[in-house]
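Engineer: Sequence and predicted structure, then a few things I'm wondering about:
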Amino acid sequence: MTGYALDNSWDRAKRRLSLLEQYLDPMTKRRLSMLGVGLGSRCLEVGAGGGSIAAWMCEQVGAAGSVVATDINIELIQDMKHANFTAKQHDITKDTARTIILSSCIRAGCSTTFRSRSRPSVG
């Protein structure tokens with residue numbers, strides 16, 4: 001195990017993630033559907049855990065779409081059998097999502113535009 005509290009290499013991680021998936025996946029799927037995830041979409045999931053949402057997105061986007069899923073430990077997602085799926089090891093505290101997106105898009109040949117959002121100042 002790493003110093004990460006919810007490490008996927010913990011012997012009970014799969015069970016913990018399965019329980020979370022049972023509770024949270026229906027709501028997540030509804031929200032993603034409302035956002036328009038469907039045929040041809042290109043999706044990024046950061047913190048994929050056990051991969052249930054990534055697998056669902058692979059089915060939704062079809063052969064014309066793609067799904068990139070990242071996690072600090074990809075042990076539970078690296079062997080997913082979807083032609084439109086890529087697993088990337090990614091530590092959100094050290095690596096930027098932009099790096100993951102760009103490397104995946106270059107490999108897949110897609111174009112991506114990044115927009116900066118100004119953040120409100122605090123206090």
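Structural biologist: Yep, it's here.
Engineer: Looks like Asp71 contacts Gly50 (just checking).
Structural biologist: No - look at Asp71 against Gly50 with CB atoms under 8 Å: they stay out of range, at 9.2 Å. Backbone N, C-alpha and C define where each C-beta goes, glycine included.
Engineer: Those two: who's more crowded?
Structural biologist: The neighbour count for Asp71 versus Gly50, taken as other CB atoms under 10 Å, is higher for Asp71 (24 against 20).
Engineer: List the residues that contact the nearest residue to the more buried one once chain neighbours are set aside.
Structural biologist: Counting by CB to CB, 6 or more residues apart in numbering, Ala48 is the residue found nearest to Asp71 once chain neighbours are left out, at 4.7 Å. Contact partners of Ala48, counting by CB atoms under 8 Å, 6 or more residues apart in numbering, are 54, 69-71, 74, 77, 87.
Engineer: Let me know the average pLDDT across stretch 20-28.
Structural biologist: If you average the pLDDT over stretch 20-28, you get 86.
Engineer: quick one: low-confidence ranges for this protein?
Structural biologist: Applying pLDDT under 70 to the chain flags residues 1-11, 96-123.
Engineer: all helices in it, in order from the N-terminus.
Structural biologist: With DSSP state H, the ranges of helices along the chain come out as 13-34, 52-61, 97-108.
Engineer: Pull out the buried residues from the first one.
Structural biologist: Buried residues in helix 13-34, counting neighbours by 16 or more other CB atoms under 10 Å, are found at 13, 17, 21, 29, 32.
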